[in-house]
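Participant: sequence-free structure coming up:
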């Protein structure tokens, strides 16, 4: 179920990125100052009368989305059963900007997200079926970046927190970028670390003897008996090194190369995911304690005249569990008028199965590792939809501070039966 919540968050972030990207005739790969934001006179022109610009609110972005899915391969019941999930997600991003004594641009980004979801399969963590099926997640974030426009460099640090019923996560990152001498290219590096604690919530028939004082009857974390002892947890750490290089080829074409090195260590299974063996017996999911991932990506944005922008993306992925995938995405933004645009999009995805995956009652009891979670199965998927964005010069509905409004709808389907729909609305304030 973790994948579902990340998918919702990911879609919300995509909406935010599109909001930023469409507010300019250039993509964000150059990270220049926003239109209307001027550094004023340079130090050589006037070092006597200059005063650093004080802290001000540069942007406020609100994103809300509703997500609904259905399928019949729930990992909670061993690869069969309902995958019905609904999720309401709300996110707030606040961007503060100021100039220091050296005329360097400082940006402080503060984010807060809250999701509330219901999952029908959560009821089956308990064999009695008597359990709560909803939960919430909260995920604040903080990022500070300083940019030296004269040198073409930027440096920043960030921190994250995410928590819901079955995990707590703390994260931090350091990021750096430098532009080429002609400012047409930019190289970026980002180092991230996430340190999670996974709550060991077992199906009721597999609760270890040591945890009987807190018998867990649901994935919501509710417990029976005395509830005095805490439910045990296990660590899961993720380390990521991200590299990017972007290049403005000409006034119409911009490209970007991306590469990530990802290493995970710790408890990578979920104990409330059942596995049914070929002999009819069942147990809980068991996966290796380490995993290495290598995604490689390429982006190309092309400005086809004044009214059409083509945004394309391709990613190849492989990992140490034997799974490989390919992703191709295309979005076409058409400007109906200077203030109204429509953006249909399409994404195709295909992946091979991890070597530890097998469907319901097809895992062998002699295997060391096993899962029936269809996140690791062989499948292909399609995601398509459309976005609408308005940005009137006098503000949306005459409200000058409301700079833009974007509405997006997407439909997702896998060839193994999972389908979902998501509707998102984004508001940008200046």
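Facilitator: That came through fine. Values in this document were obtained by computation on a predicted structure and should not be read as measured data.
Participant: close enough to count as contact, residue 280 and residue 362?
Facilitator: No - when contacts are counted by Cβ atoms under 8 Å, residue 280 is not listed as touching residue 362 (11.7 Å). For every residue, glycine as well, the C-beta is placed using N, CA and C.
Participant: The two - which one has more neighbours?
Facilitator: residue 362 (14 against 8; other Cβ atoms under 10 Å).
Participant: contacting residues around the more buried one?
Facilitator: Neighbour list for residue 362: residue 278 [criterion: Cβ atoms under 8 Å, 6 or more residues apart in numbering].
Participant: Relative to residue 374, how far out is it?
Facilitator: 13 Å (Cβ to Cβ, to the nearest Å).
Participant: could you pull out the helices for the protein?
Facilitator: 2-22 (DSSP state H).
Participant: so where's it uncertain?
Facilitator: Along the chain, segments meeting pLDDT under 70 span 1-52, 126-132, 208-230.
Participant: Kindly recompute the last result at 50.
Facilitator: Counting by pLDDT under 50, the ranges of the chain that qualify are 1-50, 128-130, 211-229.
Participant: Quick check: nearest residue in space to residue 73, chain neighbours excluded?
Facilitator: residue 374 (4.3 Å; Cβ to Cβ, 6 or more residues apart in numbering).
Participant: my read: the one you found touches residue 416, true?
Facilitator: Yes - Residue 374 lies in contact with residue 416 (Cβ under 8 Å); the separation is 6.1 Å.
Participant: Could you tell me which residues touch both of the two?
Facilitator: In contact with both residue 374 and residue 416: 71, 73, using Cβ under 8 Å, 6+ apart.
Participant: out of those two, which sits in the more crowded spot?
Facilitator: residue 374 (23 against 15).
Participant: Distance of the more buried one relative to residue 297?
Facilitator: For residue 374 relative to residue 297 (Cβ to Cβ), the value is 24 Å.
Participant: do residue 249 as well
Facilitator: In terms of Cβ to Cβ, residue 249 sits 18 Å off from residue 297.
Participant: Strands of the stretch 251-400 of the chain, residue ranges please.
Facilitator: Along the stretch 251-400 of the chain, the stretches classed as strands by DSSP state E, counting those that start in this stretch are 253-266, 274-276, 282-284, 290-304, 308-319, 324-337, 340-351, 379-390.
Participant: in the fourth one, what's buried?
Facilitator: Of the residues in strand 290-304, those buried by neighbour count under the rule 16 or more other Cβ atoms under 10 Å are 291, 293, 295, 297, 299, 301, 303.
Participant: Would you mind putting the residues you listed into TSV with distance to residue 388 alongside?
Facilitator: Output for the buried residues of strand 290-304, formatted as TSV (distance: Cβ to Cβ, whole Å):
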residue	distance to residue 388
291	39
293	35
295	30
297	27
299	23
301	20
303	20
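Participant: my guess is residue 204 contacts residue 124, does it?
Facilitator: No - using Cβ under 8 Å, residue 204 makes no contact with residue 124, being 9.8 Å away.
Participant: between the two, which one's more packed in?
Facilitator: residue 124 (24 against 19).
Participant: Can you give me every residue that contacts the more buried one?
Facilitator: 74, 76-77, 81, 203 are the contacts of residue 124 under Cβ under 8 Å, 6+ apart.
Participant: which residues does the closest residue to residue 172 other than its chain neighbours bridge with?
Facilitator: Nearest residue to residue 172 in three dimensions, chain neighbours excluded: residue 159, at 5.1 Å (Cβ to Cβ, 6+ apart). Judged by DSSP bridges, the bridge partners of residue 159 are residue 142, residue 172.
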